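> give me a 3D structure for the following:
(chains A and B)
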Amino acid sequence: DIRMTQSPSSLSASVGDRVTITCRASESIGTYLNWYRQKPGQAPNLLISTASTLQGGVPSRFSGSGSGTDFTLTISSLKPEDFATYYCQQSRSTPPTFGGGTKLEIK
Amino acid sequence: QVQLQESGPGLVKPSQTLSLTCSVSGGSISSGTYYWSWIRQSAGKGLEWIGRTHTGGSTIYNPSLKSRVTISLDTSKNQFFLNLTSVTAADTAVYYCVVIRGVYVFDPWGQGIVVTVSS
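Have a look, this model is predicted:
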């Protein structure tokens, strides 16, 4: 299985801050990388697919980049609803696998 | 827009079979447009893909669970199902039914159902 490693595992930030979350794959996955946001008590919600494609309805403050083994999710200016846990997921091979999550907390 | 709703018992005894149903609205399972999947989330293992099925008959499971899992569907009821046999405490998790778009892009998700394995 492809192992997905996210860093940091937790992050404290303030409303208006710019934050970057990193995801690393144990082998090259091209751009087969998706990002999800999970708010407390809710299911994960797709933000970005194929490394950089923003899903409909997702605010433009979210952006994704990377290819191969190294990827980033950037939130340009944090809003209160962005304090949640973020997961990356590879869709290059079966089984699809997820990172361990990055919990974004209010400073 | 497709919506999903999980249902089933919230408590299962060790060694028994966990059985869940996912009811689909806003779209037809028989259309063949999507794959239908189950994912679980536990404190110990995080998010874990269980498997997926399709009306075309192709069903694939996570090798880590393959010996215990069956995913099936009923097009007449617009539902799909998860059976997990010989459960242990390690199977305690929130179970989600999920639509697969494209290549393993999971969207949308059901709200999830908490299943506890305990005597």
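> ok, and the closest non-adjacent residue to residue A:47?
Setting aside the residues directly before and after it, residue A:47 is nearest to residue A:35 in space (Cβ to Cβ, 6 or more residues apart in numbering or on different chains), at 4.7 Å. C-beta: built from backbone N, CA, C; applies to glycine.
> which helix or strand contains the one you found?
Using DSSP states H and E, residue A:35 falls within strand A:33-38.
> in its sheet, which strands sit next to that strand, and in what direction?
Using DSSP bridges, strand A:33-38 pairs in its sheet with strand A:45-49 (antiparallel), strand A:85-90 (antiparallel).
> so for stretch B:31-42, what gets flagged as buried?
B:34, B:35, B:36, B:37, B:38, B:39, B:40, B:41 (16 or more other Cβ atoms under 10 Å in any protein chain shown).
> among these, which are in strands?
Judged by DSSP state E, strands contain the following of the buried residues of stretch B:31-42: B:35, B:36, B:37, B:38, B:39, B:40, B:41.
> can you name the two of these that are farthest apart?
The span of these, defined through Cβ to Cβ, is set by B:35 and B:41 at 19.3 Å.
> what's near enough to touch the residue positioned nearest the centre of chain A?
The structure's chain A has its C-alpha centroid closest to residue A:35; by Cα atoms, centre = their mean the separation is 4.0 Å. Each residue near residue A:35 by Cβ atoms under 8 Å, 6 or more residues apart in numbering or on different chains is listed here: A:23, A:46, A:47, A:48, A:62, A:64, A:73, A:86, A:87, A:88, A:89.
> what separation is there between it and chain B?
Distance, residue A:35 to chain B, by Cβ to the nearest Cβ, to the nearest Å: 11 Å.
> returning to what we had before: identify the bridge partners of the residue nearest to residue A:47.
Beta-bridge partners, per DSSP bridges, of residue A:35: residue A:48, residue A:88.
> how much space is there between it and residue B:73?
Taking Cβ to Cβ, to the nearest Å as the measure, residue A:35 falls 29 Å from residue B:73.
> take the contacts of residue A:35 and lay them out in JSON lines including pLDDT.
Formatted as JSON lines, the contacts of residue A:35 follow (pLDDT from 0 to 100):
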{"residue": "A:23", "pLDDT": "98"}
{"residue": "A:46", "pLDDT": "98"}
{"residue": "A:47", "pLDDT": "98"}
{"residue": "A:48", "pLDDT": "98"}
{"residue": "A:62", "pLDDT": "98"}
{"residue": "A:64", "pLDDT": "98"}
{"residue": "A:73", "pLDDT": "98"}
{"residue": "A:86", "pLDDT": "98"}
{"residue": "A:87", "pLDDT": "98"}
{"residue": "A:88", "pLDDT": "98"}
{"residue": "A:89", "pLDDT": "98"}
